[in-house]
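K.L.:
please work out how this folds:
(one chain, ligands or ions: 1)
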Amino acid sequence: MEEAAAKHRGNVVLILDFGSQYTHLITRRIRQLRLCSFCLAAGSSLSSIQALRPAVIILSGGPHSVHEDGAPTLPEGFFQYTQDNGIYVLGICYGLQLIVKVLGGDVKQAESQEYGKMQIEATLGSKLYGDKECFKNQVVWMSHGDEAVKLPAGFRVVARSSQGNIAGIENTAIRVYGLQYHPEVTHSIFGIETLKHILFEVAALSADWSLQDILEEQVQLIKEMAGTEDHAICALSGGVDSTVAATLVYKAIGDRLHCVFVDNGLLRYKERERVMNMFSSDLHLPVTCVDASEQFLTKLKGVEDPEKKRKIIGSEFIAVFDEFSSKLAIELGRKPTFLVQGTLYPDVIESCPPPGSGKTLSHTIKSHHNVGGLPKDMKLKLLEPLKWLFKDEVRELGKLLQVPQGFLKRHPFPGPGLAVRILGDVTQGEALDTLRLADEIFISAIKEAGLYDEIWQAFAVYLPVKTVGVQGDRRTHSHAVALRAIVSEDGMTADWYHFNPTFLAEVSAKICNTVRGINRVVYDITSKPPSTVEWE
Ligand SMILES: Nc1ncnc2c1ncn2[C@@H]1O[C@H](COP(=O)(O)OP(=O)(O)OP(=O)(O)O)[C@@H](O)[C@H]1O
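P.N.:
Presented below is the predicted three-dimensional model:
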C-alpha cells in the first residue's frame, strides 16, 4: 500500500472507515475520478495514516452516535497533523459530527431525524460549493439521527436542509469540511459533482490513477503472499469473474496456479469444448478439465425439487474439487496453499439498507460461499483479488489482461447450469439435449441480430408439459420451451426484453422445425420482481 501511495504522492485520498456500508462506495467514486484511494479502519494509528501521506482524508459515515461509549474516534493529534501538513479533511455524516465534537462544537440527537431524499440550500461563493449554480438548491440523501447544533470556532454553515438543519460546514483556514448527507450515493443528484469540486478545485489534486495500478498492485501483493514456493488452485467456470481472477493470479505465480473446470453434464451446447479452447488458445491458462457429468447426473436422477437439485450440485462440486486438490497434493508433494475466488465487491456486502428505509446502517458482511464453499479441512487461504471491484471494473481489468472481449461480455450463467433451466427432473428423457439445441438457436439468433450486448441474460427453459401440435401434417404431443431475455443494470432488478415480434416468430419457427420433441415456444414477459431471472 505504501509503495502505491508513494507513486501517487500528492494525489492520495485516504478514507477512514467508521463503519458505513457506503465506505467502499466512496472508494469507488474516488477511483472513478481517477484518483488513488485507500481505506483504513477507524482506530488506525496516526503513524499508519502518516505512512500513506494522503493529500485528502475523508471521514466516512457510520452506524454510531458520537455520544455512545466506545464510539470510534480520531487518533490523538489528528488535526494537528493535518494542519501541519496542509491536508484537506472532509467528514461525511458521522464524519462531520466527529469533526464537530472533536474540535469543540455540539452534536445532539436530532428532534426530527432525517432519512431519505432531502432538499438542501447551499451557499454559493463558499469554498465547499464554489459558485456552481447547480449546487444552490439540490436534492441529497440523508441518513442520520444526530445533528450538529453548535459549530466549533472558525467554522461556518454553508448548507442547510429544508428543515433548517446543518447540511454542510467549512473552516477554510484549517482546510476542514463536512457534509451531513451522502454525496457518494447516486440519489444525491450532484453528489459526485460536489466530490469532484472538493477534490479537484478545493484540494487541487490531479487525476493520475487507473485500473492498471490495481492490476500492478494485486500482482505484486500476490507475489509477496505466495513467495516462490506456494501453489494455488482455482475453480474456473468460464464466467467473467473466475477467469479474470485466475488470469491475474497466473500473471503473479505462473504455473503454480492450477485451475479446474468441471463438466457437470449441465453445460450448454458445446460449452466444454468452447471454454477449454478459449482457456488454452486465448488465455494460455493451465486448466484441468474434469468430466464429472455421470457423477452429477446419477445423483440428480429423479430429483424434482429445485432446492434439492441445487444442494446435490453444490456437494458434488465440492467432492470434485476435493479430489482434484488431493491428487494435486500427491503430484506436487505438497498441499496447495491458496484458493483463488472471483469474489466481487457486491458479493461481499450483504445488505446495504437504503437511506430512508428506516433501518440503521449495520456492518454485516456475508461470508461469500462460492459453490457452497470448499471443505473446511482443506485449510486453504483465500486469494480474492477482485473483492473491491464492481462488475464493470472487472471487465475493464479483464481487458487490460487481454481476456478476449467476446468473453468479457458473456452473459452470466448459473453454477447449477441447465439443472435450473429444466423444470423438474433434469435427467427426464432427452431434456438436456433438447434444451441445448433450442438454447443455441435462440442465442445464435440474438448474436446474429447484434442484440447480445444490450441483453443482460437470455436463455431457453425446458418445460415439463406436453402440448398438442401439428407438424408435417401430423398430430404431435411434444414439449414446450420458454424463452427468456432480460435487461438489467445489476441483476438485482430486471425487465423483460422487448424483441421485435418478427424476430421471435423466426426463432420460434426455427426451434419447432429443427429441434425434435418441441412443438411450442412461449416468451416470458415477467420482470424481476415478481419473478426471478432463472425459473428455478
Ligand atoms: N463448471 C464449473 N467448473 C469449475 N468451477 C465452477 C463451475 N461452475 C462454477 N464454478 C465456480 O463457482 C463459482 C461461482 O459460480 P457462479 O455460477 O455463482 O458464478 P459467478 O459468481 O458469477 O462467477 P463466474 O463469473 O466466475 O462464473 C465460480 O466463480 C467458479 O469458481
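K.L.:
for the ligand, give me its nearest residue in the stretch 51-200 of the chain.
P.N.:
The nearest approach of the stretch 51-200 of the chain to the ligand comes at Thr186, 23.7 Å away (CB to the nearest ligand atom). Bear in mind the C-beta positions are built from the backbone N, C-alpha and C, glycine included.
K.L.:
specify the local secondary structure of Gly168.
P.N.:
strand (DSSP: H, G, I helix; E, B strand; the rest coil).
K.L.:
look up the pLDDT of it for me, please.
P.N.:
pLDDT, Gly168: 98.
K.L.:
which residues touch whichever residue of the chain sits closest to the ligand?
P.N.:
Residue nearest to the ligand within the chain (CB to the nearest ligand atom): Gly239, separated by 2.1 Å. By CB atoms under 8 Å, 6 or more residues apart in numbering, Gly239 lies in contact with Gly342, Arg410, Pro412, Phe413.
K.L.:
quick check: end-to-end length of stretch 221-234?
P.N.:
Taking CA to CA, to the nearest Å, the first and last residues of stretch 221-234 lie 18 Å apart.
K.L.:
how many residues are close by the residue of the stretch 51-200 of the chain closest to the ligand?
P.N.:
The tally of other residues near Thr186 (other CB atoms under 10 Å) stands at 11.
K.L.:
and if you look at Leu397?
P.N.:
For Leu397, the neighbour count with other CB under 10 Å is 24.
K.L.:
Leu389 is in contact with that one, correct?
P.N.:
Yes: Leu397 lies in contact with Leu389 (CB atoms under 8 Å); the separation is 6.8 Å.
K.L.:
which neighbours do the two share?
P.N.:
Shared contacts of Leu397 and Leu389 (CB under 8 Å, 6+ apart): Ile214.
K.L.:
run the chain-centre distance for stretch 241-250.
P.N.:
Here stretch 241-250 is found 15 Å from its chain centre; the criterion is CA atoms, centre = their mean, to the nearest Å.
K.L.:
residues of this structure that sit close to the ligand?
P.N.:
Within the chain, the positions near the ligand by CB under 6 Å from any ligand atom are 235-237, 239-242, 260-262, 264, 342, 370-371, 412, 414-415.
K.L.:
what's the longest helix in the protein?
P.N.:
Assignment by DSSP state H gives helix 306-332 as the longest helix of the chain.
K.L.:
which outside residues touch stretch 422-440?
P.N.:
Stretch 422-440 has contacts (CB under 8 Å, 6+ apart) with 265-266, 268-270, 297, 300-304, 309, 418-419, 421, 459-464, 479, 481, 511, 514-518, 521, 535-536.
K.L.:
distance of His144 relative to Val465?
P.N.:
Plainly put, His144 is 53 Å away from Val465 if you go by CB to CB, to the nearest Å.
K.L.:
those two: which is more packed in?
P.N.:
Between His144 and Val465, His144 has the larger neighbour count (other CB under 10 Å), namely 21 against 10.
K.L.:
nearest spatial neighbour of that one, chain-adjacent residues omitted?
P.N.:
Distance criterion CB to CB, 6 or more residues apart in numbering; nearest residue to His144, sequence neighbours excluded, is Cys93 at 5.5 Å.
K.L.:
so who does that neighbour touch?
P.N.:
Cys93 is in contact with Ser20, Ser60, Gly61, Gly62, Ser143, His144, Leu179, Gln180, Tyr181, His182, counting by CB under 8 Å, 6+ apart.
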